[in-house]
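# Sequence first, then the predicted structure, then my questions.
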Amino acid sequence: MAMQPLFLSEMDLRPLVEDPSQMDSAIDALEQATIRFVQDHVRERSFVDNTREAADPNTVQFSFAADDGAVCGFQLFAEGSSGNDATLPNARFITLLDKETRQLTALVDYRSLSPLRVGASSGIGLRYLAPAGARVAGILGSAQQARTQLQAIKRTVPTLERALVFSPTARHREDFARETSKWLDLAVQPVASPREAIAAADIVAVANNSGAPIVDLAWLKPGGVIVSIGGSRMPPEALTAVRVVATTRERLATREPYASAIKAGTYSTQDAAADLGELILGHVQPRRSPEDKVIFELHYLNVWAVGTAQWAYEWAVKRGIGTPFSLSAG
């Protein structure tokens, strides 16, 4: 007899997202999903409906992914006139479907899982891109995404000794340093400028939403790597001064400074050193020498969202966590 669908709330998932060691298996799960994606086993579809001309504009985005050997489901999230309603209750969730029958398996809160998913997907790249013997991480940002970026670095870089964090508000970077030091058992120090966070670091995570570049690539150590996520933006020198690794080459055209250069014909997606699939499968060496600086441009795959929810669902089932429910009368 098939199990009833499971409802997993933010409270149900809290022990998972608050355990630093869980990042290891999250990275494992998303790395396998990435391999399936690059081997063409994954089907993805996205649909966006918006009413931007209405008095109260809003958007609903539907993102579907199916891998018959592993996962099937979709993410749904709403964004209203504030522009970032993913922080509102019930605005973002994952529906998991049975891989074979497509029957409902679970309804999963995604607000709590989203930062962990981003951290895990950056952790995939860092497994292959972190310089040997890296000891210092630089974090630009102090919100939840910055927290899981540092978690991913800590779990993928065994030689890491300390981290430096910059955020424009002193209290925010001080709170971040104090809380993550305790959570990750790592020395985390607040610093007063982006340059301080970058210049001493072997690995830098840019986890802020600045519309303008806040990174000078000249500050980065030879051999260093920058992980660029979300709304972060690299300077024009990224086109020539570093080796670029993208989630997929095609998605470089959705982010600056690459998009404008591609449109102008001065840059091609083939100018990137590698994409994530080539990196994992060992088809390309992103560095030509140990001194090469690298940017990992982290984009989004639908299968990562669904895969994270599937991973969380399996964790919950093993522990008897969650609330069974049924939409049927019988």
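Nice, thanks for sending it over.
# Can you mark which positions in the strand or helix carrying R171 are buried?
Per DSSP states H and E, R171 falls inside helix 170-184. Neighbour-count burial for helix 170-184, counted by 16 or more other CB atoms under 10 Å, picks out H172, R173, F176, A177, T180, W183, L184. In this view, the C-beta of every residue, glycine as well, is placed from N, C-alpha and C.
# would you turn the residues you listed into CSV with distance to A218?
Listed next are the buried residues of helix 170-184 as CSV, based on distance: CB to CB, whole Å:
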residue, distance to A218
H172, 26
R173, 23
F176, 26
A177, 26
T180, 28
W183, 32
L184, 29
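# and which of these is nearest to L276?
Closest approach between the buried residues of helix 170-184 and L276, by CB to CB: L184, at 24.8 Å.
# contacting residues for the closest one?
By CB atoms under 8 Å, 6 or more residues apart in numbering, the contact set of L184 is P20, L150, Q151, K154.
# Let me know how buried A264 is, in neighbour terms.
Counted with other CB atoms under 10 Å, the neighbours of A264 add up to 8.
# got it, and S326?
9.
# Quick check: it is in a strand.
No - assessed with DSSP: H, G, I helix; E, B strand; the rest coil, S326 is coil; it does not lie in a strand.
# How about the secondary structure of F93?
strand.
# Output stretch 136-152 as CSV, restricted to C-alpha atoms.
What follows is stretch 136-152, C-alpha atoms only, in CSV (Å, rounded to 0.1, in the frame of the first residue of the first chain):
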residue,chain,number,x,y,z
VAL,A,136,40.7,31.5,4.7
ALA,A,137,37.2,32.3,3.4
GLY,A,138,35.8,35.7,2.6
ILE,A,139,32.1,36.3,2.8
LEU,A,140,30.4,39.3,1.3
GLY,A,141,26.9,39.5,2.9
SER,A,142,25.4,38.6,6.2
ALA,A,143,21.9,37.2,5.5
GLN,A,144,20.8,33.6,5.3
GLN,A,145,22.4,32.9,1.9
ALA,A,146,25.8,34.1,3.3
ARG,A,147,25.4,31.7,6.2
THR,A,148,24.9,28.6,4.1
GLN,A,149,27.7,29.7,1.7
LEU,A,150,30.1,29.6,4.7
GLN,A,151,28.5,26.3,5.8
ALA,A,152,29.3,24.8,2.3
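# Just the buried residues of that stretch, please?
Buried, per 16+ other CB under 10 Å, within stretch 136-152: 136-142, 144-152.
# Which residue ranges of the stretch 1-150 of the chain form helices?
Secondary structure of the stretch 1-150 of the chain (DSSP state H, counting those that start in this stretch): helices at 10-17, 23-38, 114-129, 144-156.
# V165 is nearest to which of those?
Here helix 144-156 is closest among the helices of the stretch 1-150 of the chain (CB to CB), at 7.2 Å.
# The closest one to helix 114-129, inter-axis angle?
Interaxial angle of helix 144-156 relative to helix 114-129 (axes from the mean of the first three to the mean of the last three CA atoms, to 10 degrees): 40 degrees.
# Next, name the residue at the spatial heart of the chain.
By CA atoms, centre = their mean, the mean C-alpha position of the chain lies nearest to V118, the distance being 1.7 Å.
# Surely it and A146 touch.
No - the criterion here is CB atoms under 8 Å, and V118 misses it with A146 at 10.2 Å.
# What degree of burial does N50 show, as a neighbour count?
Look at N50: counted by other CB under 10 Å, it has 12 neighbours.
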